[in-house]
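In: okay, here's the prediction I keep looking at, along with the sequence it came from:
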Amino acid sequence: MADLGLSLAVALASPGRAADHFWSFMEDRSVRLLPHQFAAVFFSTLGQLVAGRGDPAGRRAALAVLGRVYRRFDLQPYHGTAVAAALVDTVRRFAGEGWEPELAGQWELGCRRALRLAERAAGALGDGPHVTFGEVEACEAAADGVAVLTVRPMRRVRYLPGQALPVCTPRLPGLWRWYSPASVPRPDGRVEFHVRAVPDGVVSPVLVERVAPGELLWLGPASDVGLSLEAAGDADLLLAAGGTGLAPLRALVEQVAASPNGRRVTLVVGVRTLLDLYDAVALDKLEQAHADWLTVVLAFSNDHDVEPAAQGDLLSLALYHHQPGQAFYVCGSPRLIEAARYRLPAAGVAADSLHLAATFHRALDSALWVSRQRSAHAAHLATVLEAAGDGSSLCQFRRDTP
Ligand SMILES: Cc1cc2nc3c(=O)[nH]c(=O)nc-3n(C[C@H](O)[C@H](O)[C@H](O)COP(=O)(O)OP(=O)(O)OC[C@H]3O[C@@H](n4cnc5c(N)ncnc54)[C@H](O)[C@@H]3O)c2cc1C
């Protein structure tokens with residue numbers, strides 16, 4: 001059976017040449033849509049979206065990127081014919097034995113649908129941070145399976161603490177994943193990401209184990225993923241971080257430190273064992289610098305050598321420290337978020353004080369995401385992204401949004 005994913009995978013075995021061909025195909029027909037430096041980003045992201053690759057969160061990230069490129073370079077619906085022709089011709093030329101004639105129609109149909117979604121995402125996203133490139137300056141193996149990547153973007157990345165941005169390594173072109181900066185925006189523009197290698201994951205093991213200083217990363221537009229401080233008003237904060245879920249919550253602590261307003265913050269950091277506590281130095285410094293309002297609590301779920309008070313799972317310890325009136329933020333693995341969604345309200349945490357990081361794995365996430373974007377634009381985007389995030393190939397799309 002003809003396989004879109006296989007034909008794309010083979011074509012992307014020579015990503016630079018394929019992207020050059022895609023770009024030249026349009027230039028030769030006087031369709032000047034994109035600067036050459038964005039050809040690889042656009043071609044591979046469009047291709048992966050059409051092929052239906054990536055989980056729902058990854059597909060939302062890809063569409064956010066494509067929407068912003070669409071907007072930035074003023075693509076129009078009438079460009080669809082040229083883009084689809086260039087995409088089909090490129091995949092056919094580079095797919096080798098992965099190509100079968102019936103794929104042409106599937107690629108063309110999928111491309112047109114993906115472009116319609118990108119157009120709507122573009123309208124919803126409006127103007128804002130652009131896709132940019134960043135050079136990896138440092139990769140620190142912070143703990144087993146966790147890397148801290150310091151990236152120097154070529155253009156300043158605009159984001160708010162708690163937000164996440166789509167990140168892609170050109171080693172896996174077009175496969176975008178969300179990662180959260182671990183600090184407030186720095187004066188020097190550098191961005192720090194904390195990445196855990198998920199077993200059997202596609203992208204994260206590459207970021208943790210293979211990406212090296214000097215390599216480029218592609219960086220998409222930042223998005224509110226449910227952890228904005230604005231939503232908490234002036235309430236005291238209880239921040240519960242599982243693993244690398246610490247990154248955006250540490251950024252929130254830094255945001256409070258930058259403009260203290262008298263609120264108190266308890267940061268509960270959950271790891272399995274002491275060896276997994278990858279950011280201890282930074283946490284120590286923060287706690288010492290802000291002892292008057294910041295308390296850091298460590299929760300070890302599987303370490304019998306630490307003091308008994310620090311033994312326990314993250315949510316249990318967070319609940320133990322919870323005070324009425326606090327805004328309760330949780331960030332970590334999809335399993336943690338799922339558990340928090342049920343356990344915390346059952347334990348008496350008021351729904352309107354609960355702020356869970358979006359995982360994009362449930363329809364409810366999209367609804368929460370929409371309400372947190374707090375704008376009609378963002379609501380529109382979430383509808384579009386929901387349609388793109390069902391995990392199927394765009395060729396089989398039935399629910400092309402109105
Ligand atoms: C808003 C948002 C912000 C994020 N910020 C960060 C961050 O700062 N640092 C970070 O390391 N990751 C972060 N992630 C997770 C990240 O985007 C990827 O999902 C993760 O790195 C796995 O990608 P992958 O391609 O290796 O795995 P995939 O091949 O996409 O997925 C493999 C499987 O692992 C599951 N999975 C995804 N994330 C996790 C996890 N954390 N633990 C266990 N299983 C998981 C997926 O559901 C899937 O079933 C964030 C995700 C979202 C939605």
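Out: Great, that's in hand.
In: so Leu34 is in which element?
Out: Using DSSP states H and E, Leu34 falls within no helix or strand.
In: my guess is it meets Phe73, correct?
Out: Yes - look at Leu34 against Phe73 with Cβ atoms under 8 Å: they come within range, at 5.5 Å. No exception for glycine: its C-beta is placed from N, CA and C like everyone else's.
In: could you grab the helix/strand/coil label for Val151?
Out: Assigned with DSSP: H, G, I helix; E, B strand; the rest coil, Val151 falls in the strand class.
In: tell me what it is bridged to.
Out: Val136, Val191 (DSSP bridges).
In: how close does it get to Trp218?
Out: 11 Å (Cβ to Cβ, to the nearest Å).
In: Val131 now?
Out: Distance from Val131 to Trp218, by Cβ to Cβ: 7 Å.
In: which single residue in this protein comes nearest to the ligand?
Out: Going by Cβ to the nearest ligand atom, the ligand is nearest to Gly201 of the chain, at 2.1 Å.
In: what's the neighbour count on that residue?
Out: When neighbours are counted by other Cβ atoms under 10 Å, Gly201 registers 14.
In: could you check the pLDDT of it?
Out: Per-residue pLDDT puts Gly201 at 95.
In: returning to that earlier point: of Leu34 and Phe73, which one has the most company?
Out: More neighbours surround Leu34 than the other of Leu34 and Phe73, with 20 against 16 (other Cβ under 10 Å).
In: how far away is that one from Leu219?
Out: For Leu34, the distance to Leu219 - Cβ to Cβ - is 17 Å.
In: kindly report the same for Leu160.
Out: In terms of Cβ to Cβ, Leu160 sits 15 Å off from Leu219.
In: on that earlier part again, between Val151 and Trp218, which is the more surrounded one?
Out: Applying other Cβ under 10 Å to Val151 and Trp218 shows that Val151 carries more neighbours, namely 25 against 22.
In: ok, which residues in this structure are in contact with the ligand?
Out: Within reach of the ligand by Cβ under 6 Å from any ligand atom, the chain has these residues: 55, 57-58, 164, 177-180, 194-196, 198, 200-204, 225, 244, 247, 333-334, 357-360.
In: give me the subset of those residues lying in strands.
Out: Taking DSSP state E as the definition of strands, the residues of the chain next to the ligand contribute Arg177, Trp178, Tyr179, His194, Val195, Arg196.
In: and the pLDDT at the fifth one?
Out: Taken from the predicted model, the pLDDT recorded for Val195 is 98.
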